[in-house]
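[1] give me a 3D structure for the following:
(chains A and B, ligands or ions: 2)
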Amino acid sequence: MAKEFVARGADLELKQIRKEFPGFTAIENLDLHVPAGEFFALLGPSGCGKTTTLRLVAGLESPTKGKIFIGGKDVTSTKPHERPVNTVFQSYALFPHMTVLENVAFGLRQRKVADPLAKAKDALNLVQLSHLADRKPQQLSGGQQQRVALARALVNRPSLLLLDEPLGALDLKLRREMQTELKAIQMEVGLTFLHVTHDQEEAMDMADTVAVMNLGRIEQMGAPETLYDRPKTVFVSKFLGQSNLLVGDVTSTSANSISIDVAGNKISVPKNRAEKHKGKIAIGFRPEKATFSSKKPTTSSSKNVIGPGEIIDIRFTGVSNQYLIEVPQLGNITVFAQNMTHFAPIEVGAKVWISWDVENSFGLSDLPAQNEKA
Amino acid sequence: MAFAAFGSSNAPAAAKPTRSGKVVIALLAPGLAYLGAFFLTPLFALIMVSLEVPDPTGGYAEYVPAFEIGNYLYVIGEYLPHILRSFGYALAATVLALLISYPLAYFIGVKARPRPLLQKLMLTLVIAPFFISFLLRTLAWKQIFSNESWIVSSLHDIGLLAPTQYVVGTPFMVIFGLTYNFIPFMTLPLYTSLERLDLRYLEAGSDLYASPTKVFRKVTLPLSMPGIISGTLLTFIPIAGDYINASGDFLGSSSTSMIGNVIESNYLQINDYPSASALSVLLMGVILVLVTFYVKKSGTEDLL
Ligand SMILES: Nc1ncnc2c1ncn2[C@@H]1O[C@H](COP(=O)(O)OP(=O)(O)O)[C@@H](O)[C@H]1O
Ligand SMILES: [Mg+2]
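    Ligands and ions are numbered 1, 2, ... in the order given. All right, here's what the predicted structure looks like:
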């Protein structure tokens, strides 16, 4: 198995994976398909089972239940060294007794590839570390170690590259640079990348497809734009960007939309953007899709309006201002507004109405927990 | 150098003779005085005695200071077989102890990590023999392998030993005893270094296509090198100078005499102090050279 290396990505399929540790179920029932050659991001909060998933794919853990296919082959019971997979570990795990160059050449040597040192040097060039080839890993900064780990995995041209938060230790600027670089490398080599991160911006920026993971399950999967535009669960709507959520019973249904009643306000969502059409549902909208005005806007069937509310906090974040508006009986609503000079200055305490296009609402499949603020 | 291998991390030394520098000197003083009184002085005396010649006017076992380098040539000529035997036995016993201790230490330090109770129990078992004097334990082995023992008679019966052959007094018995007595000194440093072994490196190795055997050779073994170095030093050095196991009173015979036995008989039986001293200095010198060479060669500095 380990011999047949192709400079081509393979697809990965996890079927009904379950992973139990003594006294703890890390992954409940995971189905995942990563198409060949894709940059796939697994996004989720710390402790949701991302590392465990990667370890299962790499063969460092075996699943309690379920099967793993790489390039169509069942690898569930093969040993790690027999899988055409390499990992960039969250802790880097660079061998402390070898130089940077020897670290990178390790996999090539094991597979008896010709000219391992030259290839390792090329890989170090790729991550711009060729000048540190003779150092020991302990003599490098965290960010440099991370790049060595990347080179050490990448140099093997595995059908599937697993990246466990590979940019976590970098500062923001270097991280954004490396994101661009990593994406370019992936396009160039055409390998399948399974990239794990808890940074939603990173996932959205780099990945073709993002799977949002929570408590050992995939909540939602799709292109970054789709996930952002139309989150299907409370968790996704909050984890990818910010959302305002309103909860109420469905009171009327028209041909294209459904409406709920929230403390006397009628809030509508297009039917094709709602997961549930009956009973008590949550409807959300993004803070930057809403505007507010000090006069009540004329009601129309294409706009949702709530208010009046009182501005209780204004935060300047550079490009935009974040307004926190307290609407009686509805809770706090966040609105982002572009920072434009011709706006009349609005101050804390002002009374405003909030409105957004019905088209920009989304209906979720679940409800926020009671104690969670909408 | 070698002693860095015993596990402590290197602390930065105080550079300037500041107030803390004085404190350092004050704290070091007792240790330095001890070294001077109980190491340097006897060493110097030993070297002086090793160069003495028999008193021309005196009687038996009386010597006068001289500078007789010939003493060294004499002991080398006379006792070369014993010297070679000592280092041969020491090498064999050290290698055997390493082969036995490594899997044991690996099990305690790595495999038993999820079960701290088992770990503690096994460590206790490794140390437990120390609660009984090693003289008694060595004598017990002599008893076990004595000519009348069922082990030896069984060996005779199945023909593994010729009817005239016995176990006690053979090189096998001596090496067995040496190995047995020094296994804890090998196991403990190995355990200390394997217990700290970060298993993530082993996982990285297997992720990079190394089979379990390769992972062991390329990752585990080099990373446990500090333990191997200190373990082998802690066994090889005392074994080379050991005189209990090889002595005729214990497991050996006149044909298994090691350098320690020769020194003992020269000092205590024939009272040839210069020869005994010369042998002692020689033993020390050879060990020093071997150890320096060994530590340099194994390149453990990189690991520390
Ligand atoms: N060997 C293990 N034994 C017990 N629990 C574990 C083990 N490894 C991971 N876990 C648990 O599984 C959960 C998921 O861990 P992990 O996959 O590392 O999360 P993530 O990488 O998403 O932060 C965590 O709650 C963690 O405590
Ligand atoms: Mg993790």
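[2] for the rest of this, base every contact and every neighbour count on C-alpha atoms.
    Fine.
[3] please enumerate the strands of the stretch 151-300 of chain B.
    Remark: no strands are assigned in the stretch 151-300 of chain B by DSSP state E, counting those that start in this stretch.
[4] tell me which residues are up against stretch B:128-138.
    Stretch B:128-138 is contacted by residues B:Gly177, B:Asn181, B:Ile244, B:Asn245, B:Phe250, B:Leu251 when judged by CA atoms under 8 Å, 6 or more residues apart in numbering or on different chains.
[5] quick check: buried residues in that stretch?
    Residues B:Arg137, B:Thr138 are the ones in stretch B:128-138 that count as buried (16 or more other CA atoms under 10 Å in any protein chain shown).
[6] pLDDT of it, averaged?
    Throughout stretch B:128-138, pLDDT has a mean value of 94.
[7] how far does it stretch from one end to the other?
    For stretch B:128-138, the first-to-last residue distance is 15 Å (CA to CA, to the nearest Å).
[8] how far does it sit from the chain's center?
    Centroid displacement of stretch B:128-138 relative to its chain, using CA atoms, centre = their mean, to the nearest Å, is 17 Å.
[9] got the residues of chain A near chain B?
    Residues of chain A found near chain B (CA under 8 Å from any CA of the partner chain) are A:2, A:58, A:60, A:80-83, A:85-87, A:89, A:93-97, A:106-107, A:110-111, A:153.
[10] buried subset of those residues as a PyMOL selection?
    Applied in PyMOL, the following selects the buried portion of the residues of chain A next to chain B according to 16+ other CA under 10 Å:
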select buried, chain A and resi 58+60+80+81+82+83+85+86+87+89+93+94+95+96+97+106+107+110+111+153
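[11] so which of the residues of chain A next to chain B are in strands?
    Members of the residues of chain A next to chain B lying in strands (criterion: DSSP state E): A:Val85, A:Asn86, A:Thr87.
[12] going by distance to ligand 1, which of the residues you listed wins?
    A:Thr87 (13.5 Å; CA to the nearest ligand atom).
[13] that closest one reaches A:Ala58, doesn't it?
    Yes. Judged on CA atoms under 8 Å, A:Thr87 makes contact with A:Ala58 at a distance of 7.2 Å.
[14] and for these two, which residues touch both?
    Residues touching both A:Thr87 and A:Ala58 (CA under 8 Å, 6+ apart): A:Leu162, B:Asp207.
[15] quick revisit: which one among the contacts of stretch B:128-138 gets closest to ligand 1?
    Relative to ligand 1, and with distances defined as CA to the nearest ligand atom, the nearest of the contacts of stretch B:128-138 is B:Asn181, at 38.7 Å.
[16] mind listing what the residue nearest to A:Val212 when sequence neighbours are not counted touches?
    Spatial nearest neighbour of A:Val212, chain neighbours left out: A:Leu43 (4.8 Å); criterion: CA to CA, 6 or more residues apart in numbering or on different chains. A:Leu43 makes contact with A:Lys50, A:Val196, A:Thr197, A:His198, A:Asp199, A:Gln200, A:Ala203, A:Val210, A:Ala211, A:Val212, A:Met213 under the criterion CA under 8 Å, 6+ apart.
[17] go with 7 Å
    Neighbouring residues of A:Leu43 by CA atoms under 7 Å, 6 or more residues apart in numbering or on different chains: A:Val196, A:Thr197, A:His198, A:Gln200, A:Ala203, A:Val210, A:Ala211, A:Val212, A:Met213.
[18] not counting sequence-adjacent ones, nearest residue to the residue in the stretch 151-300 of chain A that chain B sits nearest to?
    With CA to the nearest CA as the measure, A:Ala153 is the residue of the stretch 151-300 of chain A nearest to chain B, at 7.7 Å. Nearest in space to A:Ala153, with sequence neighbours left out and distances taken as CA to CA, 6+ apart, is A:Asn86 at 5.3 Å.
[19] give the rounded mean pLDDT of the host helix or strand of B:Leu99.
    Here B:Leu99 sits within helix B:70-106, counting by DSSP states H and E. The average pLDDT within helix B:70-106 is 97.
[20] okay, buried residues for it please.
    For helix B:70-106, a neighbour-count test (16+ other CA under 10 Å) marks B:71-72, B:75-76, B:79, B:82-83, B:85-87, B:89-98, B:100-102, B:104-106 as buried.
[21] would you mind measuring from the residue of the stretch 151-300 of chain A closest to chain B to A:Thr51?
    With distances taken as CA to CA, A:Ala153 is found 16 Å from A:Thr51.
[22] now do A:Pro35 against A:Ile17, distance only.
    Going from A:Pro35 to A:Ile17 by CA to CA gives 18 Å.
[23] okay, these two: which has more neighbours?
    A:Ile17 (21 against 17; other CA atoms under 10 Å in any protein chain shown).
[24] where does that one fall, secondary structure wise?
    Per DSSP H and E: A:Ile17 is located in strand A:12-21.
[25] quick check: buried residues in that strand?
    In strand A:12-21, counting by 16+ other CA under 10 Å, buried: A:Leu12, A:Glu13, A:Leu14, A:Lys15, A:Gln16, A:Ile17, A:Arg18, A:Lys19.
[26] who does the third one bridge with?
    Spelled out, it's A:Leu14. For A:Leu14, the beta-bridge partners under DSSP bridges are A:Leu32, A:Ile68.
[27] wait, it touches A:Val34, no?
    No. Applying CA atoms under 7 Å as the test, A:Leu14 and A:Val34 come out as separate, 8.8 Å apart.
[28] quick one: mean pLDDT for stretch A:349-368?
    On average, stretch A:349-368 scores 93.
[29] ditto for stretch B:162-180
    Stretch B:162-180 comes out at a mean pLDDT of 94.
[30] what of stretch A:193-200?
    93.
[31] which other residues reach it?
    With contact meaning CA under 7 Å, 6+ apart, stretch A:193-200 is reached by A:38-46, A:50, A:160-165, A:203, A:240.
[32] elements contacting the helix holding B:Leu99?
    Helix B:70-106 makes packing contacts with helix B:171-195, helix B:225-240, helix B:259-268, helix B:273-298 when contacts are defined by 3 or more CA pairs under 7 Å, 6 or more residues apart in numbering or on different chains; DSSP states H and E.
[33] let me know the next secondary structure element after it.
    Sequence-wise, the next helix or strand downstream of helix B:70-106 (DSSP H and E) is helix B:116-127.
[34] for the chain, which spans come out with low pLDDT?
    Reading this off chain A. A:1-7, A:339-345, A:371-374 (pLDDT under 70).
[35] should've been chain B
    Scanning chain B for pLDDT under 70 picks out B:1-18, B:299-304.
[36] same thing but at 80, please
    Within chain B, the stretches with pLDDT under 80 are B:1-20, B:298-304.
[37] spell out which parts of it neighbour chain A.
    Within chain B, the positions near chain A by CA under 7 Å from any CA of the partner chain are B:Arg200, B:Tyr201, B:Glu203, B:Ala204, B:Ser206, B:Asp207, B:Leu208, B:Tyr209, B:Ala210, B:Ser211, B:Leu223, B:Leu303.
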